[in-house]
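Chemist: no FASTA, just this:
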């Protein structure tokens, strides 16, 4: 377990070095010197982008692991179950009404959207519902949030606002600054700390709700912690980077064979793996031979869609 975390941490440090140096124009690490004019590219552009990518990836990986443990559903993911769509709709409202000019208002709207969606998911699907019920509830919430987002785009007061919303929804770390890091960092750290406290309760929940109660787990308190933690992490991620899906689905499945099946055992590896995945993906979209930079959200969807299909086919073979 310790070896896995250390390996992920070393890989993350190497990916961070690649992220700082890589781009349409490669900047060697020796350009850190203040006397080198290229140092401003590292300090003002690539360093905040790299840090924000790590934060968002860790937040999405951790939230996906917690959702899979809490719902006891291997397909659970903030993007698949409408949490990201709800956060996106909240952020779109901030853009629609012009509140995004205030640095804290867009994250506040995104947090409210994520918390509302997570609460609705808990009410509609519950923790003991079937896989079909969870999937349908997520599809319904995603559809509602998506339709409201489309309505906001179609009724946008100006073409600029409409274009701003569409571009932001695609998800990217382009042109992010230290201001974005300052907004996302405390929210993601707070949400991550809340989610980290749920590990032992999630382990007990694998034995069933009644057994978990007998072991001293308060289901109501656990539910509130999961809702608050995921709302903070996903809301802050969506507010700072737009909609980036499938991280919370892919990473827990990749680390579970190495860390074990206990939900608490995969929380830290999922956070480190999510940070690693998104940092590498962001470096690759910058290196892609395209005229304009490929949006990170599109790249992750192209990767996550086939992975989701693979999981479904594997589950089908197990049930057959």
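Modeler: That came in fine, so what should we check first? Everything numeric in this text was worked out from a predicted model, so none of it was measured.

Chemist: For burial, what's the neighbour tally of residue 29?
Modeler: Residue 29 sits with 9 neighbouring residues when counted by other Cβ atoms under 10 Å. Just so you know, the C-beta spots here come from the backbone N, C-alpha and C atoms, and that holds for glycine as well.

Chemist: Residue 302 too?
Modeler: For residue 302, the count of nearby residues is 11 (other Cβ under 10 Å).

Chemist: quick one: average pLDDT of the helix or strand hosting residue 232?
Modeler: Under the assignment given by DSSP states H and E, the secondary-structure element containing residue 232 is helix 219-241. On average, the pLDDT along helix 219-241 is 88.

Chemist: buried residues in that helix?
Modeler: For helix 219-241, the neighbour count (16 or more other Cβ atoms under 10 Å) marks 222-223, 225-241 as buried.

Chemist: what does whichever helix or strand comes after that helix contact?
Modeler: From helix 219-241 onward toward the C-terminus, using DSSP H and E, the following helix or strand is helix 247-259. Where contact means Cβ atoms under 8 Å, 6 or more residues apart in numbering, the residues beyond helix 247-259 that reach it are 1, 4, 8, 57, 60-61, 63-65, 67-68, 74-80, 265-266, 269-270, 273-274, 277-278, 300, 303-304, 307-308, 311.

Chemist: Helix 247-259 to helix 219-241, inter-axis angle?
Modeler: Orientation check (axes from the mean of the first three to the mean of the last three Cα atoms, to 10 degrees): helix 247-259 against helix 219-241 gives 120 degrees.

Chemist: Go through whatever helix or strand comes next after helix 247-259 and flag the buried ones.
Modeler: Going down the chain from helix 247-259, the next helix or strand is helix 267-287, by DSSP H and E. Neighbour-count burial for helix 267-287 flags 267-283, 285-286 (criterion: 16+ other Cβ under 10 Å).

Chemist: Check stretch 247-262 too.
Modeler: 247-256, 259.

Chemist: Including distance to residue 150 and pLDDT, could these go into TSV?
Modeler: Below are those laid out as TSV (distance: Cβ to Cβ, whole Å; pLDDT from 0 to 100):
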residue	distance to residue 150	pLDDT
247	24	93
248	24	91
249	24	90
250	27	92
251	29	94
252	30	93
253	31	90
254	33	91
255	35	94
256	36	91
259	39	90
